[in-house]
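>>> Coordinates only, no sequence provided:
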């Protein structure tokens, strides 16, 4: 099934489209098809990559604390438990 799309691009996107066409020597429609294919692949990869989703969530790196906690956690815990 084919779809007909009529779109009006702002100046920024028109310039980007022209640049891509100049670099690839592709027609407007071929450039748009390639962009859709690229974006589709990008979205499919996101769905399959749990690490990507975790990074996008902002959870990774959101904690605050000692950068060496994994090596000196016992001393840190002792300090907390002693109330110092």
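Received the coordinates, thanks. Keep in mind that what you see is a predicted model, and the values were worked out from it rather than measured.
>>> Which residues are in contact with residue 66?
Contacts for residue 66 were tallied using CB atoms under 8 Å, 6 or more residues apart in numbering; they are 72, 76. Bear in mind the C-beta positions are built from the backbone N, C-alpha and C, glycine included.
>>> Swap in 10 Å and give it another go.
By CB atoms under 10 Å, 6 or more residues apart in numbering, the contact list for residue 66 reads 72, 73, 75, 76.
>>> residues near the second one, how many?
What it means is residue 73. For residue 73, the count of nearby residues is 11 (other CB atoms under 10 Å).
>>> Could you tell me what pLDDT the model assigned to it?
If you check residue 73, the pLDDT there is 87.
>>> hmm, who's touching the helix or strand containing it?
Element membership of residue 73, judged by DSSP states H and E, is helix 69-82. With CB under 10 Å, 6+ apart as the contact definition, helix 69-82 has outside contacts at 63, 65, 66, 68, 84.
>>> okay, which residue is most central for the protein?
residue 56 (6.8 Å; CA atoms, centre = their mean).
>>> Can you tell me which of the contacts of helix 69-82 lies closest to residue 38?
Using CB to CB, residue 63 comes nearest to residue 38 of the contacts of helix 69-82, at 34.1 Å.
>>> ok, residue 48 to residue 70 distance?
29 Å (CB to CB, to the nearest Å).
>>> now swap in residue 2 and tell me
Here the criterion is CB to CB. By it, residue 2 lies 56 Å from residue 70.
>>> Likewise for residue 40?
Distance of residue 40 to residue 70, given as CB to CB: 39 Å.
>>> more crowded one of those two?
Taking neighbours as other CB under 10 Å, residue 40 and residue 70 compare with residue 40 leading, 10 against 7.
>>> Relative to residue 16, how far out is that one?
Separation of residue 40 from residue 16 (CB to CB): 19 Å.
>>> and if you look at residue 43?
20 Å.
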